[in-house]
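Peer 1: Any chance you can model this:
(one chain, ligands or ions: 1)
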Amino acid sequence: MTENKKQKKGYPSKLKSQPGQKTYYGKHFDPRKQHGQQRASTDGVAVRIGQNFPLTIKRLGINGEGIGYFKRKIVFVPGVLPDEVAVVKVTDVQPKYIAAKVLKIREKSPNRVKPLDTFADEVGGFELEHMTYSAQLAFKKDVIAQSLEKFQPKGWSDYDLRDTIGMANPYEYRNKAQFPVRKIDDVLSVGMYKRGSHELVDLPIVHTQSPATMKVLRTVRDLLDKLSVSIYNEDKNRGTVKTIVARVSHTTGDVQLTFVTNTDGFPGDVALIAAINQALPEVNGIFQNFNPGRTSLVWGEETIKLWGKDYIEETVMGKTFQLSPRAFMQLNHTQMTVVYNEALSALNLTHADKLVDAYAGVGTIGLSLADKAGEVRGMEIIPEAVDDANINAKINHISNAKYEVGTAEVLFPKWQAEGWLADALVVDPPRTGLDTALRREIIRTKPEKFVYISCNASTLARDLVDLTKAYKVDYIQSIDMFPQTARWEGVVKLTRRD
Ligand SMILES: C[S@@+](CC[C@H](N)C(=O)[O-])C[C@H]1O[C@@H](n2cnc3c(N)ncnc32)[C@H](O)[C@@H]1O
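Peer 2: I've put the predicted structure just below:
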């Protein structure tokens, strides 16, 4: 629910064997499946790391990587586009695929553009910035088509796959920046790590970030430097400030600032807060999150307020949500509203409907829809998010909605068994998709109205194999929640089979 773990990117080469370990490519792992690939050669092809060859790119895989074939063996290459011819250099050879990087593009696609972010090919999260926006949107429609072709749920070839809804301005949409801070050769850097490395790139400008978050990060960087505040040194595992998190409210423009620290204490915090107050009046709350030691987790368990308000407020579809530093909210406010409106129109609620908001987060979907339904119940595994959801219901004077802590796969069947039968269901699971037990219960109880919001076309297609035993897929609407990245989001309207 939080973005706690750094996202793992790249190819499955992480599964390569360590010395003394066996590499296992049996039924548990198939890189072709990983990339939605139907037809890869398994026969031995003489190829070595470092070898160069020209490659024609046939299409993009679901992670935005180019796919071509060398002697019938599948080759994955980041940073290239369909129909391009590139000279590539092999970086990894595995029994079922080759990974390579581009040396030179011999024939360019008309869809290639110069990325606004000069570092786009170095750090994660900018996989498609070298592609025109219209081609990005077409790719995001194709991602779901690829996944359906792989899993083949009932009737898949006739599904109505709607054109991806994009943004008028596909930049400056990220309302939260969570950037590590390190001193590199005595220069204070605030930015992102190079892909697959631990090398931090200082990033004064990031075009996908809201300018408000970047202004706060860069000003705070300068203040940390000027006041000689202790910065975390990973090699020595010493020092204080590890990460700065700035989150802006789309509605009010207020910014919430959190310092993730290695130490319990925060030497110099009083002077720092005074300087921030003076330089950045938009900052309405400053927090410290304590996360000691070398860890891949960004956030620790303990957060204290150093100064200001406990929350920033965000309005979503006319409802107000109070967000504490750890409370989850989608990063793209504009497209989040598009997703929720799509869910609303697909559900077509009446005041008689009992609605379940499954995988609820802080209740943004259910609470946004509560005045259209009779009653709303939601569940979520993170207790703080459930507290926030119930507080958010109160703030908005919503008396027909309540949220419980627990898994969808346990609470949905429990409520049904207790006689609280859902007329309408919206599920918004993490990338792993729906649990088998939940799918089974949905098929058994068949709520009349059903919308599946997905952020992973692959697990969605897998889940539809089961769900289409009881439902027909009316349409799949892709929404571009993360322009310039390969990430996918979609709303599926399902109708009960008679
Ligand atoms: C994609 S987020 C959606 C959050 C929310 N619906 C929104 O729009 O902001 C998925 C949420 O599901 C929660 N979650 C993960 N596994 C769950 C499970 N088995 N049952 C219920 N919630 C779960 C996560 O903590 C996370 O908040």
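Peer 1: Run the contact check for stretch 166-185 versus the ligand.
Peer 2: No. Judged by Cβ under 6 Å from any ligand atom, stretch 166-185 makes no contact with the ligand; its nearest approach is 12.8 Å. For glycine as for every other residue, the C-beta is placed from the backbone atoms N, C-alpha and C.
Peer 1: From Asn63, how far off is the nearest residue to Phe119 once chain neighbours are set aside?
Peer 2: Setting aside the residues directly before and after it, Phe119 is nearest to Val201 in space (Cβ to Cβ, 6 or more residues apart in numbering), at 5.5 Å. Remark: distance between Val201 and Asn63 (Cβ to Cβ, to the nearest Å) = 21 Å.
Peer 1: what's the answer for Leu369, then?
Peer 2: 32 Å.
Peer 1: Which one of those two is surrounded by more residues?
Peer 2: The neighbour count for Leu369 versus Asn63, taken as other Cβ atoms under 10 Å, is higher for Leu369 (23 against 18).
Peer 1: helix, strand or coil for the more buried one?
Peer 2: Three-state call for Leu369 (DSSP: H, G, I helix; E, B strand; the rest coil): helix.
Peer 1: Check it and give its pLDDT.
Peer 2: Leu369 is assigned 96 on the pLDDT scale.
Peer 1: Distance from the chain centre to the longest helix anywhere in the chain, please.
Peer 2: In the chain, with assignment by DSSP state H, the single longest helix is helix 133-151. Helix 133-151 has its C-alpha centroid displaced from the chain centroid by 17 Å (Cα atoms, centre = their mean, to the nearest Å).
Peer 1: Which strands or helices does the helix or strand that that helix is followed by pack on?
Peer 2: Later in the chain than helix 133-151, the nearest helix or strand by DSSP states H and E is strand 161-165. With contacts taken as 3 or more Cβ pairs under 8 Å, 6 or more residues apart in numbering; DSSP states H and E, strand 161-165 sits against helix 133-151, helix 333-347, strand 471-479.
Peer 1: who are the neighbours in contact with Ile453?
Peer 2: Val339, Ala343, Ile365, Val426, Val427, Asp428, Glu489, Gly490, Val491, Val492 (Cβ atoms under 8 Å, 6 or more residues apart in numbering).
Peer 1: check the residues you listed against the ligand, which are close?
Peer 2: Among the contacts of Ile453, the ligand is touched by Ile365, Asp428 when using Cβ under 6 Å from any ligand atom.
Peer 1: what domains does the record give for the chain?
Peer 2: As given by automatic domain parsing, the domain ranges for the chain are 12-112, 137-168+332-496, 176-310.
Peer 1: near the ligand, which residues of the stretch 301-450 of the chain show up?
Peer 2: So the stretch 301-450 of the chain meets the ligand at 328, 330, 359-361, 364-365, 379-382, 385, 407-409, 428-430, 435 (Cβ under 6 Å from any ligand atom).
Peer 1: Narrow the residues you listed to those that are buried.
Peer 2: Buried members of those, counted by 16 or more other Cβ atoms under 10 Å: 328, 330, 359-361, 364-365, 379-382, 385, 408-409, 428-429, 435.
Peer 1: Across the sheet, point out what pairs with Gln477.
Peer 2: Arg162, Val491 (DSSP bridges).
Peer 1: State the distance from it to the ligand.
Peer 2: Relative to the ligand, Gln477 is positioned 16 Å away (Cβ to the nearest ligand atom, to the nearest Å).
Peer 1: That residue: how many residues sit nearby?
Peer 2: For Gln477, using other Cβ under 10 Å, the count is 25.
Peer 1: Just give me the neighbour total for Asn341.
Peer 2: 14.
Peer 1: What's the separation between Asp474 and Thr208?
Peer 2: Taking Cβ to Cβ, one finds Asp474 at 32 Å from Thr208.
Peer 1: So which of the two has more stuff around it?
Peer 2: More crowded of Asp474 and Thr208, by other Cβ under 10 Å: Thr208, with 22 against 15.
Peer 1: Wait, the more buried one touches Tyr173, no?
Peer 2: Yes. Using Cβ atoms under 8 Å, Thr208 is in contact with Tyr173, at 6.4 Å.
Peer 1: overlap in contacts of the two?
Peer 2: Pro483.
Peer 1: What does the pLDDT read for His119?
Peer 2: Rather than His, residue 119 is Phe. So Phe119 comes in at 89 (pLDDT).
Peer 1: Neighbours of it, how many?
Peer 2: 17.
Peer 1: Over to Glu314?
Peer 2: A count of nearby residues for Glu314, using other Cβ under 10 Å, gives 25.
Peer 1: That one contacts Phe321, doesn't it?
Peer 2: Yes. Contact criterion Cβ under 8 Å: Glu314 and Phe321 qualify, at 5.0 Å.
Peer 1: Common neighbours of these two, please.
Peer 2: Met329.
Peer 1: Run through who's touching the helix or strand where Lys394 lies.
Peer 2: Per DSSP H and E: Lys394 is located in helix 383-395. Helix 383-395 has contacts (Cβ under 8 Å, 6+ apart) with 1, 319-324, 326-328, 360-364, 366-367, 370, 378-380, 399, 401-405.
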